[in-house]
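**Q** okay, here's the prediction I keep looking at, along with the sequence it came from:
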Amino acid sequence: MFGEEKKKETYVIASPLAGVLLRDGKPMANARLLRRLTWNGNEEGILQEFFTDDQGRFELPVHEEKLRLNFLIQFVSKSTVYSENESDENLIWYSSKLTSGLYSELNDKLGEVICDLSDENIVVHGTDSIVPNIMTRCRWEGMKRA
């Protein structure tokens with residue numbers, strides 16, 4: 001039992017995130033988005049780059065990794081998304097996950113997501129969570145503020 005090698009399983013490090021990026025209600029065309037992902041065994045993480053289209057729309061795809069974790073190790077991943085330009089850098093999304101499933105940050109796929117850089121970051125609970133696991137400038141229907 002303890003000497004057996006556990007096989008690698010697929011873990012969702014970050015679920016897909018799609019929406020529109022605004023500043024003062026106006027679309028941010030061709031804005032640069034940076035997503036840093038960290039997880040068990042990769043605390044340094046990886047940095048991914050994305051861009052909005054000319055209407056400010058963005059799509060960050062799912063990121064999965066094959067991991068070998070035993071029952072004594074709690075899966076943990078973190079996703080941080082920034083909007084960056086020459087003059088400033090703005091956090092638009094931070095989330096943490098303790099379970100490996102798709103959309104387990106919120107237990108469901110998000111509807112229309114609107115992220116306005118002029119909004120303040122707020123703390124949000126996952127759907128079934130009493131522990132806040134998201135800080136964001138984004139808003140969506142059904143979000144549960146902490």
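**A** Yes, it's here. Keep in mind the model is a prediction, meaning the values are calculated, not measured.

**Q** residue 54: what secondary structure?
**A** Three-state call for residue 54 (DSSP: H, G, I helix; E, B strand; the rest coil): coil.

**Q** now the chain, which segments are flagged as low pLDDT?
**A** 1-5, 86, 126-132, 146 (pLDDT under 70).

**Q** strands of that one, start to end?
**A** 9-14, 17-23, 26-27, 32-39, 42-51, 57-60, 63-67, 77-84, 89-97, 114-116, 122-125, 132-136, 138-139, 144-145 (DSSP state E).

**Q** make TSV out of those strands and add distance to residue 107 and mean neighbour count.
**A** Just so you know, the C-beta spots here come from the backbone N, C-alpha and C atoms, and that holds for glycine as well. Shown next, in TSV, are these (distance: least, CB to CB, whole Å; neighbours: other CB atoms under 10 Å):
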stretch	distance to residue 107	mean neighbour count
strand 9-14	13	18
strand 17-23	15	20
strand 26-27	29	13
strand 32-39	19	18
strand 42-51	24	12
strand 57-60	19	16
strand 63-67	18	16
strand 77-84	16	20
strand 89-97	11	19
strand 114-116	20	20
strand 122-125	10	16
strand 132-136	11	19
strand 138-139	17	19
strand 144-145	11	12
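
**Q** output the ones you listed as TSV; include the columns distance to residue 105.
**A** Formatted as TSV, the strands of the chain follow (distance: least, CB to CB, whole Å):
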stretch	distance to residue 105
strand 9-14	8
strand 17-23	9
strand 26-27	25
strand 32-39	13
strand 42-51	17
strand 57-60	13
strand 63-67	12
strand 77-84	8
strand 89-97	5
strand 114-116	15
strand 122-125	9
strand 132-136	6
strand 138-139	12
strand 144-145	12
